[in-house]
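K.L.:
Pasting a predicted model and its sequence here:
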Amino acid sequence: MSEPPRADQNPAARAEQLRAWLHHHAHLYYVLDRPEVPDADYDRAFQALQALEREHPDLVTPDSPTQRVGGRVLDGFAPVRHAVPMLSIRTETDTTEAGALAFDARVRRELGLPEQGLPVEYAAELKFDGLAISLRYEAGVLAQAATRGDGETGEDVTASIRTIGQIPLRLQGEPASWPALLEVRGEVYMRRDDFERLNARQREAGGKTFVNPRNAAAGAVRQLDPAVAATRPLSFYAYGLGQVQGPELAATHAQTLDTLAALGLPVCEDRAVVLGGAGLAEFHRRMGERRDALPFDIDGVVYKVNSLDLQRQLGFLTREPRWAVAHKYPAQEQATRLNGIEVQVGRTGKLTPVAKLEPVFVGGTTVSNATLHNLFELRRKGVRVGDPVVVRRAGDVIPEVVGRMPGERDRYVPNFRMPRECPVCRAPVGREKGSLEHRCTGGLTCAAQRKQALLHFASRRAMDIEGLGDKLVDQLVDAGLVRTLPELYTLGVAKLAALERMADKSASNLERSLADSKRTTLARFVYALGVRHVGEATARDLARHFGSIDRLMAASEPELLEVPDVGPIVARSIRVFFDQPHHVEVVEQLRAAGIQWDEHAGVAAAAPGPLAGRTLVLTGTLPSLTRDEARAWIESAGGKVAGSVSKKTWAVVAGAEAGSKLDKAREIGVSVLDEAQLRELLAQWPQPSA
Ligand code: IVH
């Protein structure tokens with residue numbers, strides 16, 4: 001089926017051939033994400049069918065791929081009565097493993113099974129965060145799509161649903177295998193990347209932006225103009241059945257989903273058949289770890305008793321099946337109120353507007369501060385003090401304000417303005433041309449910058465001064481005891497012990513960790529200085545390249561540019577830093593205070609190779625390196641080779657016949673290298689002999 005059908009048939013037969021070919025390739029493209037023909041071939045066949053249908057309007061069928069976008073703008077949605085009600089499922093709100101065990105215990109009790117004994121088999125899947133849809137296929141052709149509504153009666157949203165490329169207008173496979181009537185239940189959702197792109201497009205066009213993918217998806221489905229709906233990137237996953245007429249499709253839920261996949265419906269591959277409560281708990285944990293790396297939002301997982309016989313035995317409790325449950329994860333978004341906006345000064349003087357929120361439990365902790373990034377982000381989101389807002393905290397990412405909840409303000413609230421003076425030291429606030437960031441120009445005379453600089457200096461990956469945390473730094477700076485980094489080393493136990501809440505023991509402990517920190521590496525020392533744009537990796541490169549602090553301090557911009565990965569911005573920033581006599585003095589005083597670094601040994605230990613700290617994934621067959629050779633080389637250069645792709649993956653090295661790992665990398669935006677590019681990266685690094 002990879003050649004578009006030729007034009008030597010009678011029109012009706014040819015139209016049918018083109019349709020079948022287009023359905024097949026649309027399925028490969030949209031559902032399996034594995035196209036077999038170039039887009040241009042698809043477009044050509046599509047245009048051929050369009051031309052044929054224009055010539056012979058009687059040949060147009062409702063399932064023709066040309067009929068995805070209906071012409072008419074609707075004036076409303078007709079009600080649709082569901083033959084089999086669209087039920088919701090009970091939610092297990094205990095987000096720990098106990099939630100899984102409780103469901104299993106309940107199922108066993110209701111089936112009359114002993115507490116111990118053979119485990120029950122479950123189908124475990126993701127709980128997609130979109131909206132429920134029922135698709136009705138009559139004789140294999142999509143006849144109607146409806147929302148859930150109140151479960152009994154929903155709305156006819158066929159026109160907008162037809163625009164979703166992933167939803168087949170006609171089932172795949174042999175018509176003989178199609179049930180006379182098949183209602184597929186599933187979730188319409190929007191991928192995160194599609195959501196971001198849609199919002200960017202809306203912003204550019206001055207249109208309305210959406211708070212989250214679910215709202216965007218719901219809005220798109222209830223869009224009355226199919227032409228507009230067609231521009232909204234929606235996706236779909238099938239998770240069950242409604243009314244079915246015809247022979248039994250399967251004996252288990254997992255088989256039902258396999259059958260739906262074979263009929264051409266998108267079914268999520270992140271699902272499993274597991275045994276007992278322990279199997280459910282393990283699935284919950286495993287998917288929880290993957291949650292942030294998925295290309296779409298989920299708010300939990302769903303467990304279903306796998307055997308359809310047992311499902312029938314368990315039956316329903318009023319409106320909910322006894323055989324299914326949703327097991328949540330801590331919500332990553334919550335609504336709350338914006339009580340105020342404060343401006344925080346960072347280590348390099350950057351001013352960040354921080355939202356002061358009505359405390360709210362989100363992403364597993366109580367959040368009362370969230371970043372608004374910068375003035376321009378804040379303006380774009382249009383939030384003002386007093387607004388109801390949505391906060392998001394995903395994984396370990398700093399909580400952020402996503403946007404304001406829809407609705408009018410009942411009073412005038414002035415827009416937020418950046419202060420003209422630093423709120424901490426009163427130095428003027430500046431903004432470089434073209435930059436989105438406002439900065440305090442006070443440098444280390446600003447107490448806020450000084451505190452942050454001290455904290456950075458003391459941090460684990462810098463000088464690693466144990467016991468010097470933010471409370472203590474506040475005290476030291478506020479009491480005027482420490483004004484510069486070197487003053488840390490001249491404090492002495494007596495002054496420390498005199499501080500409030502500082503016991504003699506803690507004072508001498510800190511004294512000891514200060515002493516210990518004096519033996520360090522050049523790379524750590526350079527990083528600890530806190531030069532703007534110089535992170536750990538750059539500090540290591542600089543240490544390796546220059547080998548001494550004096551040579552680094554003396555390096556000109558062109559010399560700095562010779563360091564791998566140092567570009568003009570970083571080179572400039574380093575030069576600006578050391579051009580300030582004050583910074584040179586700091587280095588001298590630190591040296592005088594006894595800081596020593598083993599210039600070469602330290603660097604080598606901290607910098608084992610060009611791939612240090614990076615995780616790569618190998619997939620497919622490389623032209624000349626075996627898997628083991630590639631792995632050994634990467635590892636010798638300090639890299640790690642992992643078995644699966646996640647957000648933590650630095651790059652995927654792909655060869656011939658690369659499979660799902662490559663797809664995953666593209667999906668989540670991880671770089672992909674071929675062997676030649678890998679060899680280039682490792683050009684300066686000898687390949688270990690076998
Ligand atoms: S099964 C009778 N499976 O969660 C069982 N629902 O109340 C019907 N949802 O809004 C639901 N992912 O749209 C099921 N894998 C999944 C699901 C899922 C998301 C939604 C569903 C409904 C709610 C369940």
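P.N.:
Perfect, thanks for sending it.
K.L.:
Skipping adjacent residues, who's closest to K350 in space?
P.N.:
Closest residue in space to K350, ignoring its immediate chain neighbours: E437 at 5.2 Å, by C-beta to C-beta, 6 or more residues apart in numbering. For the C-beta atoms, the positions are set from N, CA and C on the backbone; glycine is no exception.
K.L.:
Might one say that the one you found is in contact with P353?
P.N.:
No. Taking contacts as C-beta atoms under 8 Å, E437 lies outside contact range of P353: 11.2 Å.
K.L.:
element containing the residue of the stretch 251-400 of the chain found nearest the ligand?
P.N.:
Here the stretch 251-400 of the chain gets closest to the ligand at one residue, V302, 4.1 Å apart by C-beta to the nearest ligand atom. Element membership of V302 [criterion: DSSP states H and E] is strand 298-305.
K.L.:
and this structure, which of its residues are near the ligand?
P.N.:
Selection of the chain residues close to the ligand by C-beta under 6 Å from any ligand atom yields 87-89, 125, 127-128, 132, 187, 239-240, 302, 321, 324, 326.
K.L.:
which residues in the stretch 101-250 of the chain form helices?
P.N.:
With DSSP state H, counting those that start in this stretch as the criterion, the stretch 101-250 of the chain has helices at 158-161, 192-204, 213-221, 226-229.
K.L.:
Mind listing the strands the strand holding V302 pairs with, and their directions?
P.N.:
strand 121-128 (antiparallel), strand 324-328 (antiparallel) (DSSP bridges).
K.L.:
re the thing from before, return the distance of the residue nearest to K350 relative to H373.
P.N.:
9 Å (C-beta to C-beta, to the nearest Å).
K.L.:
Out of the strands paired with strand 298-305, which is closest to T538?
P.N.:
strand 121-128 (39.3 Å; C-beta to C-beta).
K.L.:
follow-up on the earlier one: is it possible to get the strands paired with strand 298-305 out as JSON lines so that each row also shows mean pLDDT, distance to L454 and mean neighbour count?
P.N.:
What follows is these, written out as JSON lines (pLDDT from 0 to 100; distance: least, C-beta to C-beta, whole Å; neighbours: other C-beta atoms under 10 Å):
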{"stretch": "strand 121-128", "mean pLDDT": "97", "distance to L454": "45", "mean neighbour count": "24"}
{"stretch": "strand 324-328", "mean pLDDT": "95", "distance to L454": "41", "mean neighbour count": "22"}
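K.L.:
Neighbours of the closest residue to D129 other than its chain neighbours, how many?
P.N.:
Setting aside the residues directly before and after it, D129 is nearest to D297 in space (C-beta to C-beta, 6+ apart), at 4.2 Å. For D297, the number of neighbouring residues by other C-beta atoms under 10 Å comes to 23.
K.L.:
same thing with K304?
P.N.:
K304, neighbours per other C-beta under 10 Å, totals 24.
K.L.:
can you pull the contacts of it?
P.N.:
Going by C-beta atoms under 8 Å, 6 or more residues apart in numbering, K304 touches 122-125, 253, 311, 323-324.
K.L.:
I figured the residue nearest to D129 hits Y189, correct?
P.N.:
Yes. Between D297 and Y189 there is a contact under C-beta under 8 Å: 7.4 Å.
K.L.:
quick one: low-confidence ranges for the stretch 301-450 of the chain?
P.N.:
395-396 (pLDDT under 70).
K.L.:
Pull up the per-residue confidence for E36.
P.N.:
If you check E36, the pLDDT there is 89.
K.L.:
Dump the helix or strand S368 falls within to CSV, restricted to CA.
P.N.:
Using DSSP H and E, S368 maps to strand 365-371. Listed next in CSV are the C-alpha coordinates belonging to strand 365-371 (Å, rounded to 0.1, in the frame of the first residue of the first chain):
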residue,chain,number,x,y,z
THR,A,365,3.7,20.7,49.3
THR,A,366,2.1,23.9,50.5
VAL,A,367,3.0,26.8,48.3
SER,A,368,2.8,30.4,49.3
ASN,A,369,5.4,32.0,47.0
ALA,A,370,5.6,31.5,43.2
THR,A,371,7.8,33.1,40.6
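K.L.:
Enumerate the positions of the helix or strand just after it that are buried.
P.N.:
Next along the chain after strand 365-371, taking DSSP H and E as the criterion, comes helix 375-381. Residues of helix 375-381 classed as buried: 375, 377-378, 381 (neighbour count, 16 or more other C-beta atoms under 10 Å).
K.L.:
helices or strands up against helix 375-381?
P.N.:
strand 400-404 (3 or more C-beta pairs under 8 Å, 6 or more residues apart in numbering; DSSP states H and E).
K.L.:
tilt between the strand it packs on and helix 192-204?
P.N.:
Relative orientation of strand 400-404 and helix 192-204, computed by axes from the mean of the first three to the mean of the last three C-alpha atoms, to 10 degrees: 50 degrees.
K.L.:
Adjacent strands (with direction) for the next helix or strand after strand 400-404?
P.N.:
Toward the C-terminus, strand 400-404 is succeeded by strand 429-430 as the next helix or strand (DSSP H and E). Applying DSSP bridges to the sheet, strand 429-430 is found paired with strand 439-440 (antiparallel).
K.L.:
how distant is the strand it pairs with from the center of its chain?
P.N.:
31 Å (C-alpha atoms, centre = their mean, to the nearest Å).
K.L.:
what's the pLDDT at the closest residue to the ligand within the stretch 101-250 of the chain?
P.N.:
Closest approach between the stretch 101-250 of the chain and the ligand, counting by C-beta to the nearest ligand atom: A132, at 3.1 Å. In this prediction, A132 carries a pLDDT score of 96.
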